[in-house]
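Asks: from the sequence below, what's the structure:
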Amino acid sequence: MFFKGSRYATVGEHKITDSDGREIHYKKIRFIPKTEAQMGHTVHQGERLDHIAHRYYQDPERFWRICDANLAMWPDDLVAEPGRTIRIPPSGE
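Replies: Now for the predicted structure:
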């Protein structure tokens, strides 16, 4: 269901049986781990988080590492304000 490298790939699963006897599988809650930053990045007008992730990690799908370091639930919020400095953590690999 989640691609390899997804922040949810290693999150455990639960299941529940509904009143009709169907099993419903779902992911446990993913708590944001403490993610230390190694540097900052100043956001420029029109910049996207996947582009920033590609710049630092050579992998645009690792944008969620930046979200974790900034405690952001919505990636777009991190780049909405030009001039803002966001925290860039190590790639985590």
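Asks: tell me how far the spatially most central residue of the chain lies from D20.
Replies: Taking CA atoms, centre = their mean, the centroid of the chain lies closest to W64, which sits 2.0 Å from it. Distance of W64 to D20, given as CB to CB, to the nearest Å: 35 Å. No exception for glycine: its C-beta is placed from N, CA and C like everyone else's.
Asks: wait, a helix at R62?
Replies: Yes. According to DSSP: H, G, I helix; E, B strand; the rest coil, R62 belongs to a helix.
Asks: was I right to think it contacts I52?
Replies: No. Judged on CB atoms under 8 Å, R62 makes no contact with I52 at a distance of 10.0 Å.
Asks: with adjacent residues omitted, what lies nearest to the residue nearest to the centre of the chain?
Replies: R7 (4.5 Å; CB to CB, 6 or more residues apart in numbering).
Asks: now R65: which helix or strand?
Replies: According to DSSP states H and E, R65 maps onto helix 63-69.
Asks: next one: that helix to chain centre, how far?
Replies: 4 Å (CA atoms, centre = their mean, to the nearest Å).
Asks: do stretch 10-20 as well
Replies: For stretch 10-20 - counting by CA atoms, centre = their mean - the centre lies 23 Å from the chain centre.
Asks: do the same with stretch 42-61
Replies: Using CA atoms, centre = their mean, the offset of stretch 42-61 from its chain centre is 13 Å.
Asks: pull the residues that contact it.
Replies: 3, 5-6, 41, 62-63, 65-67, 75-76, 78-79, 81-86, 88, 91 (CB atoms under 8 Å, 6 or more residues apart in numbering).
Asks: now swap in stretch 19-32 and tell me
Replies: Contacts for stretch 19-32 (CB under 8 Å, 6+ apart): R7, Y8, V11, G12, E13, H14, K15, I16, T17, D18, D68, L71.
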